[in-house]
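Trainee: this one's sequence-less:
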């Protein structure tokens, strides 16, 4: 992989990281504890609020996981190991990295894991 490709992927990863961090900040209020006071909120509304809170918590967990993957990919770029499969050590197809620059496995290895 040449330097211009590496810089392109690094920029994509940094943009993803910024976007994920921004989403995390905006979503903090939706994971707050739901008030269970029935006098101010009806049973259905409270159930909706609890469901929305659960969905927000899961979305936050997934964003945090993706943020860790992006940070790992940026660290691999810094160390010079970016673009190689963490399982078989072969080069990851650049088309795969175009779709998901935080990928750390080639398609054959990733398909074995799932």
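Mentor: Cool, got the structure. Every value quoted in this text rests on a predicted model; they were computed, and no experiment measured them.

Trainee: return the helix or strand in the chain with minimum mean pLDDT.
Mentor: For the chain, counting by mean pLDDT, DSSP states H and E, helix 43-79 ranks last in confidence among helices and strands (a mean of 88).

Trainee: pull out the buried residues from that one.
Mentor: Neighbour counts over helix 43-79 (16 or more other Cβ atoms under 10 Å) mark 46, 56, 60, 63, 66, 67, 69, 70, 73, 74, 76, 77 as buried. For every residue, glycine as well, the C-beta is placed using N, CA and C.

Trainee: can you tell me which of these is closest to residue 8?
Mentor: Minimum separation from residue 8 among these (Cβ to Cβ) is found for residue 77, which lies at 10.9 Å.

Trainee: identify the residue nearest that closest one in space, chain neighbours excluded?
Mentor: residue 10 (5.2 Å; Cβ to Cβ, 6 or more residues apart in numbering).

Trainee: isn't that neighbour right next to residue 74, touching?
Mentor: Yes - if you go by Cβ atoms under 8 Å, residue 10 and residue 74 touch, sitting 6.9 Å apart.
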